[in-house]
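Asks: The sequence isn't on hand, but the structure is:
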């Protein structure tokens, strides 16, 4: 991997390889060295215990199938049922799916770098020491995730630039000087949507490498979302109604941006397909409508839990057809994420034990 120049793997010109976002926020020292927020400190202890090494825990000797790198059923592909795609020769269909999978995982890679930068910003600007402690563990988590997806994309052999909706939301989150907006945009919206997208691959991918990467990253992300919930659930009752209304407006805009994140216009243009028709199919496809709804299964219950549940946000979620997720047990989902990652460890250890016995 060290010989690979990632700049050469972009299939679409990403433009400048450096994206500079001006920052304007206060760095806060906490000389009280507070230790009263026991939920956050417990999460910090958990974050320390559950650190892992991407080089060792993931079996990088596994390869990806060039025609179906992630190993997803064709029925789950965004353009399944779209007549021009369905009429393509099998080899061409496989090429289009490979590029879409590469685009999708490229967004995970770019999003994890965004999370890395947001977590480091939280360390600097959050006002209490307990949150700084936990956010510091998230910084190394996110660095590990960037490493893991970077190595995965090296095996893909192609990368796509960051999608416009994701870039717009990250730009807003990083420019805002209020610490809670960084939490809200990253820990709730971007991380919440990523958890649902990761789950789709973890639970349906037949490629063991792709499944491993997503399962192990999800184990960390579950803690990150819990961090946002704990911090914001305590903070938002202190705000005025006008301040909460402003945050709900931001959430509505952010959720619409994330809903449109999976249109993959770069892919269809790169494949010389009709971009407008491809996007139209994605919007009307029953399968994609279900997928886009599922993406909010991790966001909606958290938004309700942190207290941003006014008429504006409920109306938007009702119009998006996702308000049904309000009563999802997010704690049960996060425990499931942790348990599945442990199952992957157990399977790998079992395989290694069999290999060791065979070598004796």
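Replies: Okay, I see it. What you see is a predicted model; the values in this text were computed from it and never measured.

Asks: how much space is there between the residue nearest in space to the middle of the chain and residue 288?
Replies: Among the residues of the chain, residue 194 comes closest to the average C-alpha position under CA atoms, centre = their mean, at 2.5 Å. Distance from residue 194 to residue 288, counting by CB to CB, to the nearest Å: 18 Å. Heads up, the C-betas are built off the backbone N, CA and C, glycines and all.

Asks: just checking, residue 303 touches residue 312?
Replies: No: the pair residue 303 and residue 312 fails to qualify as a contact (CB atoms under 8 Å) at a distance of 11.5 Å.

Asks: Those two: which is more packed in?
Replies: A count of neighbours by other CB atoms under 10 Å puts residue 303 above the other of residue 303 and residue 312, at 26 against 15.

Asks: so how far is residue 194 from the more buried one?
Replies: Separation of residue 303 from residue 194 (CB to CB) stands at 16 Å.

Asks: Next: residue 78.
Replies: 17 Å.

Asks: Low-confidence regions, the stretch 101-250 of the chain specifically.
Replies: Flagging of the stretch 101-250 of the chain using pLDDT under 70 yields an empty set of residue ranges.

Asks: can you give me the helices in it?
Replies: Using DSSP state H, counting those that start in this stretch, the helices found in the stretch 101-250 of the chain span residues 129-156, 164-175, 179-182, 191-204, 208-235, 241-259.

Asks: can I get those helices in TSV with distance to residue 337?
Replies: Written out in TSV, the entries for the helices of the stretch 101-250 of the chain read as follows (distance: least, CB to CB, whole Å):
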stretch	distance to residue 337
helix 129-156	14
helix 164-175	22
helix 179-182	23
helix 191-204	7
helix 208-235	4
helix 241-259	19
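
Asks: wait, is residue 61 part of a strand?
Replies: No: secondary structure assignment (DSSP: H, G, I helix; E, B strand; the rest coil) places residue 61 in coil, not in a strand.

Asks: going forward can the numbers begin at 507, since that is how I track them
Replies: From this message on, residue numbering opens at 507, which makes the last subject residue 567.

Asks: what number of residues lie near it?
Replies: The burial count for residue 567: 6, using other CB under 10 Å.

Asks: Over to it: give its phi and psi.
Replies: The phi and psi values for residue 567, taken as degrees, to the nearest 10, are phi -70, psi -20.

Asks: Same question for the one 3 residues further on.
Replies: Main-chain torsions, residue 570, degrees, to the nearest 10: phi -110, psi 140.

Asks: Contact partners for it?
Replies: Shown in contact with residue 570 (CB atoms under 8 Å, 6 or more residues apart in numbering): 576, 661, 662, 713, 715, 716.

Asks: next one: residue 629
Replies: By CB under 8 Å, 6+ apart, the residues touching residue 629 are 638, 641, 642, 645.

Asks: Select from these the one having the most neighbours.
Replies: Going through these with other CB under 10 Å as the criterion, the one with the most neighbours is residue 641, at 27 neighbours.

Asks: tally of neighbours for the nearest residue to residue 693 once chain neighbours are set aside?
Replies: Closest residue to residue 693 in three dimensions, ignoring its sequence neighbours and counting by CB to CB, 6 or more residues apart in numbering: residue 734, at 2.8 Å. For residue 734, the neighbour count with other CB under 10 Å is 24.

Asks: contacting residues for residue 734?
Replies: Applying CB under 8 Å, 6+ apart, one finds that residue 734 lies in contact with 689, 690, 692, 693, 694, 697, 808, 812.

Asks: One more pass at 10 Å, please.
Replies: Contacts for residue 734 (CB atoms under 10 Å, 6 or more residues apart in numbering) come out as 628, 686, 688-695, 697-698, 808, 811-812.

Asks: same thing with residue 512?
Replies: Residues touching residue 512, when contacts are defined by CB under 10 Å, 6+ apart, comprise 523, 615, 656, 659, 660, 665.

Asks: and it, how far is that from residue 668?
Replies: Using CB to CB, we find residue 512 at a distance of 13 Å from residue 668.

Asks: swap in residue 739?
Replies: Going from residue 739 to residue 668 by CB to CB gives 30 Å.

Asks: the more surrounded of these two?
Replies: With other CB under 10 Å as the criterion, residue 739 and residue 668 differ in neighbour count, and residue 668 comes out ahead with 19 against 14.
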